[in-house]
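Peer 1: Sequence plus predicted model, see below.
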Amino acid sequence: MSESLNIAVIPGDGIGPEVIAEAVKVLQVVTVNTGVNLKLTNYKLGAEHWLETGETLPEETLTALRSHDAILFGAVGAAPGDTRIPSGLIEREMLLKLRFSLDHFVNLRPSKLYPGVPSPLANPGEIDFIVVREGTEGPYVGNGGVLRAGTPHEIATEVSINTAHGVERVVRDAFRRANDRPRKHLTLVHKHNVLVFAGHLWRRAVEAIAPEFPEVTHDYLHVDAATIFMTTNPSRFDVIVTDNLFGDILTDQAGAITGGIGLAASGNINMDRTAPSMFEPVHGSAPDIAGQQKADPTAAILSTALLLDHVGLPELARRVEAAVEGDVASRDEMTDPRTTSEIGDAIIAALA
Ligand SMILES: NC(=O)C1=CN([C@@H]2O[C@H](COP(=O)(O)OP(=O)(O)OC[C@H]3O[C@@H](n4cnc5c(N)ncnc54)[C@H](O)[C@@H]3O)[C@@H](O)[C@H]2O)C=CC1
Ligand SMILES: CC(C)CC(=O)C(=O)O
Ligand SMILES: [Mg+2]
């Protein structure tokens, strides 16, 4: 029986196209002779596209993206010093607009130290946790502004929006995921000792939903303390649920302790399936190494495993993950001399 898999591909900027080229090859190889009819449609979006066209995310592109089963995304954004592009324009008007419009309320970021992968921690222990980061609210919604701009009395605000609906649905999702894992433990990370209004909403949501999951234990950490434990005892984490900003920061740290940001995958998931979910590496466009074949494509490749899981092809997802696991076990991150496409090819060879 053949089934179609209709994927939108947004390579983006910087290393985005380099890592996505490898992820696409993996998708093509893993679906061969499986009865899955893979259809890929490329969309040009990002900082370079804006420079060429002045477009960030046109409505017709958004409408077209909605017709796909899922989206594979590289990374967007210019180098911090690139004055041709207003800071934040592409991130907000393109990437975040996409996540918000497609209601990607679960930003799923698994962190696993695969066997044989060196960690910068002296005693990393077993690291295998997931971060469930809220994806549509928090300080990223663009609620703010500037008063008395350019004067010594300038006031800039960036308001964090947290709704009961938004918090409850992501907390419930995190409990569900914890319930499905062997350790069944959830940690809420926030800063309710200072951010009392939002923090208390998150705490109340956890307390209200906990009885639905009697087997799941839960605890709480302030975000500053969470960064300590992520360095000193990451094994204590199983499922972390947190807001958009804290989750963004913690997951770069989580990537660093599990072998590097080049291995960290993510999914922006619409759990209600009212729009396609989007899968992308945790990292950005890495302008410092772009165009040099220095980027590690593993995060993008592991993101295809999350995509395959989401579209109901878990056996193919496991094959991709196993191929990655085999490859990373044999490398030394510090001295891996391979190019982006050589790493992709090695993972593909392991798949075959
Ligand atoms: N989802 C997205 O599209 C994201 C976009 N960005 C954008 O990307 C641009 C650069 O942001 P940065 O803060 O520098 O973060 P970044 O993640 O692009 O780079 C941070 C550091 O990690 C390294 N790195 C990143 N990915 C790598 C890979 N696959 N292999 C090897 N090394 C890798 C880079 O070379 C750099 O030294 C900015 O315009 C930012 O707004 C940042 C994060 C996420
Ligand atoms: C560039 C931001 C909008 C996103 C980001 O850093 C992330 O999602 O990890
Ligand atoms: Mg980030």
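Peer 2: Looks like it arrived, so ask away. Numbering: from 1, shown residues only. Ligands and ions are numbered 1, 2, ... in the order given.

Peer 1: tell me the mean pLDDT for stretch 328-336?
Peer 2: When pLDDT is averaged over stretch 328-336, the result is 78.

Peer 1: Give me the contacts around it.
Peer 2: Outside stretch 328-336, the residues that touch it by Cβ atoms under 8 Å, 6 or more residues apart in numbering are 114-118, 259-260, 263, 296, 298, 338, 343. C-betas here are computed from N, CA, C, even on glycine.

Peer 1: One more: stretch 286-296?
Peer 2: Taking Cβ under 8 Å, 6+ apart as the rule, stretch 286-296 contacts 13-15, 18-19, 75, 77-80, 82, 260, 262-263, 336, 339-341, 343.

Peer 1: Now, those that are in helices?
Peer 2: Residues of the contacts of stretch 286-296 located in helices (DSSP state H): 18-19, 340-341, 343.

Peer 1: State the number of residues packed around residue 351.
Peer 2: Neighbour count of residue 351, defined by other Cβ atoms under 10 Å: 20.

Peer 1: same check, this time on residue 258
Peer 2: Close neighbours of residue 258, defined as other Cβ under 10 Å, add up to 24.

Peer 1: What of residue 303?
Peer 2: 28.

Peer 1: Could you do residue 116 as well?
Peer 2: So residue 116, with other Cβ under 10 Å, has 14 neighbours.

Peer 1: again, but for residue 59
Peer 2: Residue 59, neighbours per other Cβ under 10 Å, totals 8.

Peer 1: can you check residue 332 too?
Peer 2: 10.

Peer 1: Also the one 3 residues further on?
Peer 2: Other residues near residue 335 number 6, with proximity taken as other Cβ under 10 Å.

Peer 1: From residue 150, how far out is it?
Peer 2: 49 Å (Cβ to Cβ, to the nearest Å).

Peer 1: who touches the residue of the stretch 251-352 of the chain found nearest ligand 1 in this structure?
Peer 2: Per Cβ to the nearest ligand atom, residue 284 is where the stretch 251-352 of the chain lies closest to ligand 1, at 2.3 Å. By Cβ under 8 Å, 6+ apart, residue 284 lies in contact with 14, 75-77.

Peer 1: Try it again at 6 Å.
Peer 2: 75, 77 (Cβ atoms under 6 Å, 6 or more residues apart in numbering).

Peer 1: And the pLDDT at it?
Peer 2: At residue 284, pLDDT is 98.

Peer 1: list the contacts for the residue of the chain found nearest ligand 2?
Peer 2: Of all residues in the chain, the one sitting closest to ligand 2 is residue 91 (4.1 Å; Cβ to the nearest ligand atom). Going by Cβ under 6 Å, 6+ apart, residue 91 touches residue 77.
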